[in-house]
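>>> Structural data only, the sequence is not supplied:
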C-alpha cells in the first residue's frame, strides 16, 4: 500500500488507525497482509494507505458507516483485533471521520 | 511525532496529508520540522501523527475548519507548500475530515 488511494469525490468515510507495536512479531506481518486483503474485498471499501515509522498509521476509506461497521464485525477481523490487543500492539487509537473535501497535486 | 496524538472527545477535524517524495532532499527535513513546530503554535491545533514508509502520511487534528483554513493560509506555510510542489513531492492528496467517533486501547 505504498500509493495514494484513488478515492471518489467526497463525501466518504476514513478510518484512521494509529498504533504502536510491541516487540512481538509472531505472525504480525502475515496477519496485516491478510486483513488488508480481506478489507479490500468488503462491500463499500474504497482504498487504504499505510506507513509505519515507529508510529504506524493506516487510513482506510469507506462508502458509509454501515460498511465500516460490517468490516469491524467481520469474524476474521474480530480475531485479528483480539490478537492485536493481546500481543502486537501496546496502544492504538481508531478514529472514524467523514471526509468532506479533498484536493491534491501530481507532477 | 512518534506518539499517538492525545485528542479531545470528538467532534474535531482531521487533515490527512498523504504524499510521495521526489529524490530531492534540499532542506526538506528542516522545513518539515519547522512546519510541525509552526502548526503546533496555531490556534485550534490539537495534535499530529506522522509516518513515512515510501508513502508518507501526516494526520493533523484541529478544533474547527476555521483553524484549518488559517493554517493553510499562513504565509510561511504557503511558502512551504509552494516549495513542496516545486521540488519535494511528486504527488500528494489532502483530505479534510470530521472525526465523529474514536476509541482506543493501551496496555
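Cool, the structure landed. Since the structure is predicted, the reported quantities are computational estimates derived from the model, not experimental observations.

>>> Validate this expectation: residue A:6 resides in a strand.
No. According to DSSP: H, G, I helix; E, B strand; the rest coil, residue A:6 belongs to no strand; its state is coil.

>>> how far away is it from chain B?
Distance of residue A:6 to chain B, computed by CB to the nearest CB, to the nearest Å: 9 Å. From N, CA and C alone the C-beta is placed, and that goes for glycine too.

>>> same check, this time on residue A:13
8 Å.

>>> Could you pull up the residues touching that residue?
The contact partners of residue A:13, by CB atoms under 8 Å, 6 or more residues apart in numbering or on different chains, come to A:61-65, A:67-68, A:96-99.

>>> Need the phi and psi values for it.
Per-residue torsions, residue A:13: phi -110, psi 150 (degrees, to the nearest 10).

>>> quick revisit: okay if I get the contacts of residue A:13 as JSON lines plus neighbour count and pLDDT?
Conversion of the contacts of residue A:13 to JSON lines gives the following (neighbours: other CB atoms under 10 Å in any protein chain shown; pLDDT from 0 to 100):
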{"residue": "A:61", "neighbour count": "25", "pLDDT": "98"}
{"residue": "A:62", "neighbour count": "26", "pLDDT": "98"}
{"residue": "A:63", "neighbour count": "15", "pLDDT": "98"}
{"residue": "A:64", "neighbour count": "13", "pLDDT": "98"}
{"residue": "A:65", "neighbour count": "14", "pLDDT": "98"}
{"residue": "A:67", "neighbour count": "20", "pLDDT": "98"}
{"residue": "A:68", "neighbour count": "22", "pLDDT": "98"}
{"residue": "A:96", "neighbour count": "21", "pLDDT": "98"}
{"residue": "A:97", "neighbour count": "26", "pLDDT": "98"}
{"residue": "A:98", "neighbour count": "17", "pLDDT": "98"}
{"residue": "A:99", "neighbour count": "22", "pLDDT": "98"}
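
>>> ok, and which of these reach chain B?
When contact is defined as CB under 8 Å from any CB of the partner chain, those meet chain B at A:96-99.

>>> Give me the buried positions along the strand ranked longest in chain A.
Scanning chain A for the longest strand, with DSSP state E as the assignment, gives strand A:89-106. The neighbour-count check on strand A:89-106 (16 or more other CB atoms under 10 Å in any protein chain shown) flags A:89, A:91-99, A:102 as buried.

>>> likewise stretch A:5-24?
Buried, per 16+ other CB under 10 Å, within stretch A:5-24: A:5, A:7, A:10, A:12-21.

>>> Tell me which two in the residues you listed are the farthest apart.
Pairwise distances across the buried residues of stretch A:5-24 (CB to CB) peak at 31.3 Å, for the pair A:10 and A:21.

>>> buried set for the lengthiest helix in chain A?
If you go by DSSP state H, chain A has its longest helix at helix A:28-40. Applying a neighbour-count criterion of 16+ other CB under 10 Å, one finds A:28, A:31-32, A:35, A:39 buried in helix A:28-40.
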